[in-house]
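Participant: mind folding the following:
(one chain, ligands or ions: 1)
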Amino acid sequence: MPSEVTEVDVVVVGAGQAGVAMSEHLGAHGIPHLVLERDRIAERWRTARWDSLVANGPAWHDRFPGLEFEGVAPDAFASKEQVADYFVAYAQKIGAPVRCGVEVTSVRRHTGRPGFRVETSQGPIDARFVVAATGPFQRPLIPPIVPDGAVPVQIHSHAYRNPGQLPEGAVLVVGAGSSGVQIADELRRSGRRVFLSVGPHDRPPRQYRGRDFCWWLGVLGLWDAETPPQGAEHVTIAVSGARGGHTVDFRELAADGIELLGLTASCADGVLRFAPDLAANIAAGDAKYLALLRAADAYVERNGLDLPQEPQAHVLGPEPDCVAHPRRELDLAEAGVTSIVWATGYATDFGWLEVDAFDPSGRPHQRRGVSAEPGVYFLGLPWQSRRGSSFIWGVWHDARHIADHIATQRAYLAHGGD
Ligand SMILES: Cc1cc2nc3c(=O)[nH]c(=O)nc-3n(C[C@H](O)[C@H](O)[C@H](O)COP(=O)(O)OP(=O)(O)OC[C@H]3O[C@@H](n4cnc5c(N)ncnc54)[C@H](O)[C@@H]3O)c2cc1C
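Facilitator: Here you go, the predicted structure:
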């Protein structure tokens, strides 16, 4: 017997922070909707991150406007569990109609009538509008460089939990965004020999003149930047809230014993080769760091703010030996490398969304989340409307725009009597 079809105005797919934000804004418009989540609310914060992860931004910043973190001081960094609990509490507070344990398996446009058929693990749903809020980081990417078996363990950062999970021996961490540097730092502190392959990155100061970098990026309008730096597909800001929060400084990582390497380029006969770009990557990161300090100083001056001077922040130490004379090859067995952790980012995966909302390369074809397929929306994509789009506070603002768009479309449809 065919399952009964549920009808609802809007189906939101995914109940991470994006789905919860979407629900809040749809609710504010009084728009009937369902949020379908295959696991639990904010599941990725609970089970797709390493054990010691804390938020990269302080609690006063990395949150939605409607609720403060309970039990976390505003300038402290919430643990990943506290972040997940926060979104559960938020969903409760706004009465979000979240259905957990429901996987969306396909979305197809109706023929000859408006709206979409949403097939789920618990039966079909008909919806006028669909919001894909399945996250900026869905499918872990590992570049096909090191063949299987070249080292005992190769994992992506999403599967890394703690140093004890890896076999004895040295570890190569590939990628020096927030995940790569934090994992390398944790492994080194656990006593491992660690190599870190460093690509292009941005490494703002954790604090400058008494203010967190989140504040500086906010007042300087940099979270609102609309265009990604050339070639940047996702935000590669190397920051850390670990150990109370600190500036990511590759000189310090090297001084702590982490050997820095250029981009991992190739592997043959158990020997890895690295691009000759390490010094250039570090220098470019330093230049952006110093530019932010200068922009902050100019802001202080222009606005006559009374913030303490911090001249020492402008002084960078000498180039570490591993940067001045970088290793270009690494014999994995000789160096005792038993694990590689690929902190090399993610791709999206919208295989279930069978509509005309993608460009020829398969990427979402959208503007500020409004897709090329009328009635289908994306939320939480990196750089969806601005730099902040995939972050906690940014997605909340993008969700408001989408809810406004849906409300306007509903008004048109209601006017026509459809
Ligand atoms: C290591 C790491 C640290 C980060 N730290 C911070 C930070 O400190 N501050 C910050 O602002 N941002 C941070 N981010 C970025 C961002 O906030 C997170 O990636 C966040 O999880 C994105 O939320 P989201 O709701 O967009 O997506 P997700 O959290 O990925 O949620 C999507 C949900 O959709 C569900 N789903 C997927 N497919 C289906 C389907 N077919 N049917 C039903 N449900 C489905 C998933 O189960 C998931 O729960 C971090 C990201 C990473 C990877």
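Participant: doesn't residue 251 fall inside a helix?
Facilitator: Yes. Residue 251 forms part of a helix when assessed by DSSP: H, G, I helix; E, B strand; the rest coil.
Participant: just to check, it is in contact with residue 315?
Facilitator: No. Using CB atoms under 8 Å, residue 251 is not in contact with residue 315, being 11.1 Å away. All C-beta spots, glycine's among them, are computed from the backbone N, C-alpha and C.
Participant: distance from the chain centre to the top helix by length along the chain, please.
Facilitator: The helix spanning the most residues in the chain, taking DSSP state H as the definition, is helix 278-303. Relative to its parent chain, helix 278-303 has a centroid offset of 23 Å by CA atoms, centre = their mean, to the nearest Å.
Participant: helix or strand right after it?
Facilitator: helix 321-324 (DSSP states H and E).
Participant: what does that next one rub up against?
Facilitator: With CB atoms under 8 Å, 6 or more residues apart in numbering as the test, helix 321-324 has contacts from 250, 254, 259-261, 278-279, 282.
Participant: just stretch 274-292 next, same as before
Facilitator: Here stretch 274-292 makes contact (CB under 8 Å, 6+ apart) with 197-205, 208, 213, 216, 220, 238, 250, 260-265, 314, 316, 319, 322-324, 326-330.
Participant: looking at residue 244 now. What's its pLDDT?
Facilitator: At residue 244, the pLDDT value in this model is 95.
Participant: among the contacts of stretch 274-292, name the buried ones.
Facilitator: Buried members of those, counted by 16 or more other CB atoms under 10 Å: 197-205, 208, 213, 216, 238, 250, 260-264, 319, 322-323, 326-327, 330.
Participant: restrict those to those near the ligand?
Facilitator: Residues of these in contact with the ligand (CB under 6 Å from any ligand atom): none.
Participant: the helices in the stretch 301-418 of the chain, which residues?
Facilitator: Counting by DSSP state H, counting those that start in this stretch, the segments of the stretch 301-418 of the chain that form helices are 321-324, 392-415.
Participant: from residue 59, how far out is residue 241?
Facilitator: 10 Å (CB to CB, to the nearest Å).
Participant: where do the contact lists of these two overlap?
Facilitator: With CB under 8 Å, 6+ apart as the test, residue 241 and residue 59 both reach residue 77.
Participant: stretch 374-388 near the ligand anywhere?
Facilitator: Yes. Using CB under 6 Å from any ligand atom, stretch 374-388 reaches the ligand at residue 380.
Participant: for that stretch, give the mean pLDDT please.
Facilitator: Mean predicted lDDT for stretch 374-388 stands at 95.
Participant: hmm, back to that, which of the buried ones among the contacts of stretch 274-292 fall in strands?
Facilitator: In this view, the buried ones among the contacts of stretch 274-292 that belong to strands under DSSP state E are 197, 208, 260-261, 264, 330.
Participant: possible to save the residues you listed as CSV with pLDDT?
Facilitator: What follows is these, written out as CSV (pLDDT from 0 to 100):
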residue, pLDDT
197, 98
208, 98
260, 98
261, 98
264, 98
330, 98
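Participant: which pair in these has the greatest spatial separation?
Facilitator: Across these, the longest distance by CB to CB is 35.3 Å; it joins 208 and 330.
Participant: out of the ones in strands among the buried ones among the contacts of stretch 274-292, who's nearest residue 5?
Facilitator: Of these, the one sitting nearest to residue 5 (CB to CB) turns out to be residue 264, at 50.1 Å.
Participant: just give the nearest non-adjacent residue to the residue in the stretch 201-350 of the chain positioned nearest to the ligand, would you?
Facilitator: Using CB to the nearest ligand atom, the single residue of the stretch 201-350 of the chain nearest to the ligand is residue 241, 6.7 Å away. Once flanking residues are discounted, residue 241 sits nearest to residue 77: 3.2 Å by CB to CB, 6 or more residues apart in numbering.
Participant: how close does whichever residue of the stretch 151-300 of the chain sits closest to the ligand get to residue 172?
Facilitator: Taking CB to the nearest ligand atom, the ligand has its nearest neighbour within the stretch 151-300 of the chain at residue 179, 4.9 Å off. According to CB to CB, residue 179 stands 14 Å off from residue 172.
Participant: note down every partner strand of the helix or strand of the chain with the lowest mean pLDDT and its orientation.
Facilitator: The weakest-scoring helix or strand in the chain, judged by mean pLDDT, DSSP states H and E, is strand 346-347 (a mean of 91). Here strand 346-347 is paired, per DSSP bridges, with strand 139-140 (antiparallel).
Participant: Provide the contact partners of the strand it pairs with at residue level.
Facilitator: Contacts to strand 139-140, defined as CB under 8 Å, 6+ apart, come from residues 156-159, 342, 346-349.
Participant: so who does residue 188 touch?
Facilitator: Residue 188 touches 194, 253, 256-258, counting by CB under 8 Å, 6+ apart.
Participant: now the strands for the stretch 1-150 of the chain?
Facilitator: Counting by DSSP state E, counting those that start in this stretch, the stretch 1-150 of the chain has these strands, from start to end: 6-13, 33-37, 98-100, 104-109, 116-120, 123-132, 139-140.
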